[in-house]
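Engineer: 3D model of this:
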Amino acid sequence: MTKSFFEKEGFEVYFDTDEFPKELAENRCLALLVNAGEDSNMFSTKVSVELKDCYNKVLYTSDLGVSKEKEFKKAYTEAFRESLSSMKGQLKIKVTSDKLAEKTNEVVETVPSKKSNTIINTSELRAVATDAGYNLVNYSDNVVMVLYSTSLDTVFLAGKESFKGVLLKKNSGWFFEYDFDGKVYSEKIEVKF
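Structural biologist: This next block holds a predicted model:
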């Protein structure tokens, strides 16, 4: 969803696990990073999207997408879509010499040298081995989830924020399943082992 949205807005989009073009690989400041932040409680799911430069400076933050849907997966998708929609048409691109991206009057002006803008999808997590299993870290190496090995290679005991559950592999990918308020939730996790 993120990749499709930013491509429609005129960006060239790469996942952080993709092989980058030579210019981008040599100078990460030619790209912007996109990051989704969640601020949810038991009554609503709230998501906002941030665009950051290579120095981790926030250049643009979307409106807060809010959903009161009870099922977490549906709620997150609805709030995320609303958050992205608030950015539609707000990202005007201006290319000049070799300056860095700047925010001016709610418009992101990016300034790579002779190349189109790039956004790196940061939703995929990397698995870093530990003595007990793995830590799943984001693009800036912050631990998002802790995994403990079990007797099966496709099942881990997992902890994310205040939630405890299991991370298991199903046909279409990895899923974090946990109990919240007497209901079992299943959240798809993009992870690279």
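Engineer: hey, let's count contacts and neighbours off CA atoms from now on
Structural biologist: Fine.
Engineer: Burial check on Cys13, number of neighbours?
Structural biologist: Not Cys; residue 13 is Val. 22 (other C-alpha atoms under 10 Å).
Engineer: ok, now Gly165?
Structural biologist: 19.
Engineer: what's across from it in the sheet?
Structural biologist: Per DSSP bridges, the residues bridged to Gly165 are Ala158, Tyr178.
Engineer: So Phe80 versus Val58, what's the distance?
Structural biologist: Remark: distance between Phe80 and Val58 (C-alpha to C-alpha, to the nearest Å) = 18 Å.
Engineer: got it, and Val34?
Structural biologist: Using C-alpha to C-alpha, we find Val34 at a distance of 10 Å from Val58.
Engineer: Have a look at these two and say which one is more surrounded.
Structural biologist: Set side by side, Val34 and Val58 show more neighbours around Val34, with 23 against 18, by other C-alpha under 10 Å.
Engineer: just checking, what packs against the strand or helix carrying that one?
Structural biologist: Secondary structure assigned from DSSP states H and E places Val34 in strand 31-38. Contact analysis of strand 31-38 by 3 or more C-alpha pairs under 8 Å, 6 or more residues apart in numbering; DSSP states H and E lists strand 45-52, strand 118-121 as its packing neighbours.
Engineer: buried set for the next helix or strand along the chain from the shortest one?
Structural biologist: Think strand 118-121. Later in the chain than strand 118-121, the nearest helix or strand by DSSP H and E is strand 125-129. Neighbour-count burial for strand 125-129 flags 125-128 (criterion: 16 or more other C-alpha atoms under 10 Å).
Engineer: still on that earlier bit, just flag whichever of the helices and strands packed on strand 31-38 has the lowest average confidence.
Structural biologist: Note on these: strand 118-121 shows the lowest mean pLDDT, a mean of 52.
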